[in-house]
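Q: generate coordinates for the sequence data below:
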Amino acid sequence: MNLIAKLLLNSLYGKFGMKVENTTTDIFNLNSEEGKKAQRDLLDTAGESIIDFIELGDNKYIFIRNILSDIFNEDSYHGSDVNIAIASTITAGARVYMSAFKNQSAYNLYYSDTDSIVIDKPLNPRLVGNKLGQLKLEHTISKAVFLAPKVYGLVDVDGNETIKIKGISNEVTSNINITDLKSLLKQDSSKVFNQQKWFKNLVRGDISISDVLYNLKVTSNKRRCVYVEGIFNSTEPFNYDELNNSKNN
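A: The predicted structure follows:
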């Protein structure tokens, strides 16, 4: 029941914010009469809604067609139910709620994500728990290193180490420890990892596996990194005039 409730809460605002246009893909085997007939039927009924087709091998075609908003009609059980204002209000309300935690002067904020914070003092007990709107205490940390959004390592008071690095496989992450991350706090330092990634090619109709390089370092595309004596210390917001001048140049 807890999982179902969470899925409903996380999915409801997305329903209000979904696109009313979408695409689907149909594949036809033109070596069979059944496939040829299905293709002719699609051409007759879809018409201008077909936006592209791709040849796959010698005898298969993939047709991509628009699903227009008129598929939602009064007889549809769900209808379109799209209202961007509702979706925006829900997400904005969540940001406002979290900003109350992030802008407190009673403690220092070391890291934050969409729905989490890392601070140096306990929150008021009434704000922590399993009720709606409360925060969950996931770790009591003894030391931690934060390099970028979703890139960090921490050690809790029981000595358990947690490493999170977005974009790197679990296999590579398992070979990284908090000492490695700490060394990257030095300005201009970085660490390069090699890992395998899967790439799909619709034109050839295949999937390939290639080695790619991942450059791990302090980074932020939303705030300016601040260094004190060559050591990463914090971040600060960009000035709009600076960003505007940089874009114009």
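Q: give the contact list for residue 232.
A: 147, 185-187, 218, 225-226 (Cβ atoms under 8 Å, 6 or more residues apart in numbering). To be clear about C-beta, it is placed using only N, CA and C from the backbone, and glycine gets the same treatment.
Q: give me that answer again for 6 Å
A: When contacts are counted by Cβ atoms under 6 Å, 6 or more residues apart in numbering, residue 232 touches 185, 218.
Q: what comes up buried for the helix or strand encompassing it?
A: Secondary structure assignment for residue 232, by DSSP states H and E: strand 231-237. Residues of strand 231-237 classed as buried by neighbour count (16 or more other Cβ atoms under 10 Å): residue 232.
Q: for stretch 21-31, same thing?
A: The neighbour-count check on stretch 21-31 (16+ other Cβ under 10 Å) flags residue 28 as buried.
Q: same question for it, mean pLDDT?
A: On average, the pLDDT along stretch 21-31 is 77.
Q: what's the spacing between that stretch and its chain's center?
A: 28 Å (Cα atoms, centre = their mean, to the nearest Å).
Q: mind listing what's buried along the longest helix belonging to the chain?
A: Longest helix in the chain, counting residues (DSSP state H): helix 84-102. Of all the residues in helix 84-102, those buried under the rule 16+ other Cβ under 10 Å are 87, 98, 101.
Q: closest to residue 122 out of those?
A: For those, the minimum distance to residue 122 (Cβ to Cβ) is 12.6 Å, reached by residue 101.
Q: phi first, then psi, for the closest residue to the closest one other than its chain neighbours.
A: Using Cβ to Cβ, 6 or more residues apart in numbering and skipping the chain neighbours, the partner closest in space to residue 101 is residue 117 (5.3 Å). The phi/psi pair for residue 117 (degrees, to the nearest 10) reads phi -140, psi 150.
Q: any idea what residue 117 is bridged to?
A: residue 112 (DSSP bridges).
Q: same question for residue 236.
A: Here residue 236 sits in beta bridges with residue 224, going by DSSP bridges.
Q: swap in residue 156?
A: Beta-bridge pairing of residue 156 under DSSP bridges involves residue 141.
Q: what about residue 217, neighbour count?
A: Neighbours of residue 217 under the rule other Cβ atoms under 10 Å: 18.
Q: show me what contacts the most far-flung residue of the chain relative to its centre?
A: The C-alpha centroid of the chain is most remote from residue 33, which lies 43.8 Å away (Cα atoms, centre = their mean). Going by Cβ under 6 Å, 6+ apart, residue 33 touches no other residue.
Q: gap between it and residue 56?
A: Distance of residue 33 to residue 56, computed by Cβ to Cβ, to the nearest Å: 19 Å.
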